[in-house]
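Novice: I'd like to go over a predicted model; first the sequence, then the structure.
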2 protein chains.
Amino acid sequence: MAQTEINTLGEFGLIRHLTENLQTHQQSTIKGVGDDAAVMDFGGKRALVTTDLLLEGVHFNLEYVPLKHLGYKAVVVNLSDIYAMNGKPTQIVVGLGVSARFSVEALDDLYSGIRLACDKYGVDLVGGDTCASMTGLTLSVTCIGEADEKDIVYRSGAKKNDLICVSGNLGTAYLGLQLLERERIALRGQKTGDEIEAFKGREYLLERQLKPEARKDIIDALCEAGIHPTAMMDVSDGLSSELLHICHNSHCGCAVYEDKLPINYEAAKMAEEMNLNIVTCALNGGEDYELLFTCDINDYEKLIPLEDIYIIGHITEQADGTLLIGRNGEQLPLKAQGWNAFQA
Amino acid sequence: MAQTEINTLGEFGLIRHLTENLQTHQQSTIKGVGDDAAVMDFGGKRALVTTDLLLEGVHFNLEYVPLKHLGYKAVVVNLSDIYAMNGKPTQIVVGLGVSARFSVEALDDLYSGIRLACDKYGVDLVGGDTCASMTGLTLSVTCIGEADEKDIVYRSGAKKNDLICVSGNLGTAYLGLQLLERERIALRGQKTGDEIEAFKGREYLLERQLKPEARKDIIDALCEAGIHPTAMMDVSDGLSSELLHICHNSHCGCAVYEDKLPINYEAAKMAEEMNLNIVTCALNGGEDYELLFTCDINDYEKLIPLEDIYIIGHITEQADGTLLIGRNGEQLPLKAQGWNAFQA
């Protein structure tokens, strides 16, 4: 039998391959695979569900990720998926695989982070599965949310002339990770609270990587302003990758302006120090968990007063392609260089 | 800081420790941690959710578990949890961590099993997360289900004089596992379809371990007969362990009769060959995924005609304890010797 290596397909190719031609049986299934969350109808509110699997050595390195932060982040990245549907996260279930090298106190730290995130976002931990692991720590979080059907925002609703907006700033979490990777030898054996010279003044970069937040505030602000996004995703794999998903699902093109990308000053300094191109970081760095959305051009006036939201371009026709417009007006095709986890 | 080894608490102790004093915030949370599934209210039907984490080397050994069977079983064990609430499973999401040693064809096998289970039980695969793993295969399945509030059966409703019933037979999946473990050297390098002498006539034991079914048929039969169980669980960790959960949550005791335990003839032969006590296997062997339930004694007449359901004892007062009544009338305390995954 032919053996095809996984990396020939890439992560998205593999997911597409495994989930193509899926049939649905249940009337309650409104939207299956292919958005930030699935959508179901249980007779009243729509129920949303999303899941994430986090593996030690792949998604986190316990040399520099404190367990409390890991627990917090594992919850937040799932909440972010529900907010990205314009929904309200309500419950989570947690699957935990731990080897005997972890103490009860270490798991208490992990759970204190999980609980902190639940308390902050008003979400209930309602179930889970805890089991032994032969190899390190495995954490699976599934989040349930709710929304009225009319409020749900899919990836597929963007249309020509819509404004493309993003919250916060981009590439910062990626630079935080680069900094942690560079300093991890210095981190070995350090206790919490020890100050590390290289981190001084760069706490924000670390926080973006180690303790990201889900942008509930942006969802609330858009709702209050009466803006209903036409398409939305959270930025977990990098702006380019997410924008290409929206264009693909909405059958449209886009033009994004390099000089409009929101970039944090500390991140820019860090990129320069590391000889990294900050625009590449902003386009392809993952894990910012900002919201990327499109909205009708008539919402422009409502959008302007909102804090921490940036208009970075507009939606075009599909035939116009997916373009990055450089500072000198040059047009470059947007590429999803996002992390291909299956590449050697 | 004190370091407490996980195995001092055991699996259930650890879960209790990590989830005690959990507060809920959401009105929609009806039942959180502590049953086969959580229960939520989204305005119409109740939504149920349960999750399982399966790790290579802990929950399955790919030396003798074909990937298609693994996919099938991973789904079925979650469906079983929803049926154990007297609910209808409707959707699943799947988290998959795979290392580069797996080919696309291998993952196709895994997914063909997942799809087969979905098709057989009419459940939709609506989402997931696929990522690279450094170490073997990790599979996380979360199942969503639905039920009317009046139909849901918790662990906590058993009352004095209720009949204790179980479906199918017990200990068989455990003996299937023992057989596979014994023969795994013979299995090395065998291709599917090769016949192995030691398995002849024992296909049923293997099937119970490798391709269990969720007892939807029992749920349907009880519904048709007009029997509403007072408490119910699926038998995943062993009968003793599950029965102790029901007695604990229902504040009652139980008397179970050794000679009433449903035991398969092939399983009994296998146990004898392996010098194992078949009653111990029936009480403590896990993964049978049969349904254990209690029902009002007035349902006795309705119960008798139902196929593949066995009355094994009755509920007593809490002060009477949780007892196994031996063949000679001797009383032994029921013990949850179920697999303690954290024991060295």
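Specialist: It's in. Numbers count the residues shown, from 1 in each chain, chains lettered A, B, ... in the order given.
Novice: ok, which stretches of chain A are helices?
Specialist: Applying DSSP state H to chain A gives helices spanning A:10-19, A:67-83, A:104-121, A:172-182, A:184-187, A:203-210, A:216-224, A:239-250, A:265-273, A:278-284, A:300-303.
Novice: Which stretch among those helices approaches B:Lys211 most closely?
Specialist: B:Lys211 lies closest to helix A:10-19 among the helices of chain A, at 20.7 Å (C-beta to C-beta). Backbone N, C-alpha and C define where each C-beta goes, glycine included.
Novice: How about the contacts made by the closest residue to A:Leu222 other than its chain neighbours?
Specialist: Residue nearest to A:Leu222 in three dimensions, not counting chain neighbours: A:Pro229, with 6.6 Å by C-beta to C-beta, 6 or more residues apart in numbering or on different chains. Counting by C-beta atoms under 8 Å, 6 or more residues apart in numbering or on different chains, A:Pro229 makes contact with A:Asn86, A:Val153, A:Gly157, A:Leu222, A:Phe293, A:Thr294, A:Cys295.
Novice: Tabulate those residues (TSV), appending neighbour count.
Specialist: Listed next are the contacts of A:Pro229 as TSV, based on neighbours: other C-beta atoms under 10 Å in any protein chain shown:
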residue	neighbour count
A:Asn86	24
A:Val153	26
A:Gly157	19
A:Leu222	26
A:Phe293	29
A:Thr294	29
A:Cys295	26
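Novice: Nearest to A:Pro212 among those residues?
Specialist: Nearest to A:Pro212 among these, counting by C-beta to C-beta, is A:Phe293 at 17.8 Å.
Novice: Next, work out how far apart that closest one and B:Ala255 are.
Specialist: 61 Å (C-beta to C-beta, to the nearest Å).
Novice: for the residue nearest to A:Leu222, phi and psi?
Specialist: Main-chain torsions, A:Pro229, degrees, to the nearest 10: phi -60, psi 150.
Novice: got a pLDDT number for it?
Specialist: If you check A:Pro229, the pLDDT there is 98.
Novice: pretty sure A:Gln26 contacts B:Cys118?
Specialist: No: A:Gln26 is not in contact with B:Cys118 according to C-beta atoms under 8 Å; the separation is 10.1 Å.
Novice: what residues are shared contacts of the two?
Specialist: Contact criterion C-beta under 8 Å, 6+ apart; residues shared by A:Gln26 and B:Cys118: B:Asp124.
Novice: Looking at the two, which one has more neighbours?
Specialist: B:Cys118 (26 against 19; other C-beta atoms under 10 Å in any protein chain shown).
Novice: which residues does the nearest residue to that one once chain neighbours are set aside bridge with?
Specialist: Sequence neighbours aside, B:Leu125 is the residue nearest to B:Cys118 in space, at 5.4 Å (criterion: C-beta to C-beta, 6+ apart). Applying DSSP bridges to B:Leu125 gives these bridge partners: B:Ile92.
Novice: and A:Gly157, how far is that from A:Ile246?
Specialist: 9 Å.
Novice: any shared contact partners between the two?
Specialist: Shared contacts of A:Gly157 and A:Ile246, defined by C-beta under 8 Å, 6+ apart, comprise A:Ala231, A:Thr294.
Novice: Now tabulate the helices of chain A in JSON lines and tack on mean pLDDT.
Specialist: Below are the helices of chain A laid out as JSON lines (pLDDT from 0 to 100):
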{"stretch": "helix A:10-19", "mean pLDDT": "76"}
{"stretch": "helix A:67-83", "mean pLDDT": "96"}
{"stretch": "helix A:104-121", "mean pLDDT": "92"}
{"stretch": "helix A:172-182", "mean pLDDT": "94"}
{"stretch": "helix A:184-187", "mean pLDDT": "72"}
{"stretch": "helix A:203-210", "mean pLDDT": "95"}
{"stretch": "helix A:216-224", "mean pLDDT": "98"}
{"stretch": "helix A:239-250", "mean pLDDT": "95"}
{"stretch": "helix A:265-273", "mean pLDDT": "96"}
{"stretch": "helix A:278-284", "mean pLDDT": "95"}
{"stretch": "helix A:300-303", "mean pLDDT": "97"}
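Novice: Need the winner for burial among the ones you listed.
Specialist: Comparing these by mean neighbour count (mean count of other C-beta atoms under 10 Å in any protein chain shown), helix A:67-83 ranks first with a mean of 25.
Novice: my guess is A:Leu325 meets A:Thr316, correct?
Specialist: Not quite, residue A:325 is Ile, not Leu. No: no contact is recorded between A:Ile325 and A:Thr316 when judged using C-beta under 8 Å, the distance being 11.0 Å.
Novice: hey, what's in contact with both of these two?
Specialist: Counting by C-beta under 8 Å, 6+ apart, the residues touching both A:Ile325 and A:Thr316 are A:Ala255.
Novice: mind listing what A:Thr280 touches?
Specialist: For A:Thr280, the contacting residues are A:Gln337, by C-beta under 8 Å, 6+ apart.
Novice: How about A:Ser80?
Specialist: Going by C-beta under 8 Å, 6+ apart, A:Ser80 touches A:Pro212, A:Ala214, A:Arg215, A:Asp234, A:Ser236, A:Tyr289.
Novice: again, but for A:Leu96
Specialist: With C-beta under 8 Å, 6+ apart, A:Leu96 has these contacts: A:Leu107, A:Leu110, A:Gly128, A:Asp129, A:Thr130, A:Cys131, A:Leu137, A:Thr138, A:Leu139, A:Ser140, B:Leu53.
Novice: switch to 7 Å and redo it
Specialist: A:Gly128, A:Thr130, A:Leu139 (C-beta atoms under 7 Å, 6 or more residues apart in numbering or on different chains).
Novice: What of A:Thr4?
Specialist: Contacts of A:Thr4 (C-beta under 7 Å, 6+ apart): B:Ser103, B:Val104, B:Glu105.
Novice: Make sure A:Asp234 is actually in contact with A:Asp36.
Specialist: Yes: using C-beta atoms under 7 Å, A:Asp234 makes contact with A:Asp36 at a distance of 6.3 Å.
Novice: Need the overlap of contacts for those two.
Specialist: A:Asp81, A:Ala84.
Novice: distance of the residue positioned nearest the centre of chain A from B:Glu5?
Specialist: With distances taken as C-alpha atoms, centre = their mean, A:Ser236 lies nearest the centre of chain A, 2.5 Å away. According to C-beta to C-beta, A:Ser236 and B:Glu5 sit 35 Å apart.
Novice: can you check A:Phe199 too?
Specialist: Relative to B:Glu5, A:Phe199 is positioned 33 Å away (C-beta to C-beta).
Novice: Then A:Ala271?
Specialist: Going from A:Ala271 to B:Glu5 by C-beta to C-beta gives 44 Å.
Novice: what's near enough to touch A:His25?
Specialist: Counting by C-beta under 7 Å, 6+ apart, A:His25 touches B:Gly122, B:Val123, B:Asp124.
Novice: run the last query once more with 6 Å
Specialist: A:His25 makes contacts with B:Gly122, B:Asp124, as judged by C-beta atoms under 6 Å, 6 or more residues apart in numbering or on different chains.
Novice: Then A:Ile92?
Specialist: A:Ile92 makes contacts with A:Val123, A:Leu125, A:Val141, A:Cys143, as judged by C-beta under 6 Å, 6+ apart.
Novice: how about TSV for those, with neighbour count added?
Specialist: What follows is the contacts of A:Ile92, written out as TSV (neighbours: other C-beta under 10 Å):
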residue	neighbour count
A:Val123	27
A:Leu125	25
A:Val141	31
A:Cys143	28
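Novice: which one of these sits closest to A:Leu175?
Specialist: Nearest to A:Leu175, judged by C-beta to C-beta, of the contacts of A:Ile92 is A:Val141 at 25.1 Å.
Novice: What count of nearby residues applies to A:Leu261?
Specialist: Residues near A:Leu261, counting by other C-beta under 10 Å, number 21.
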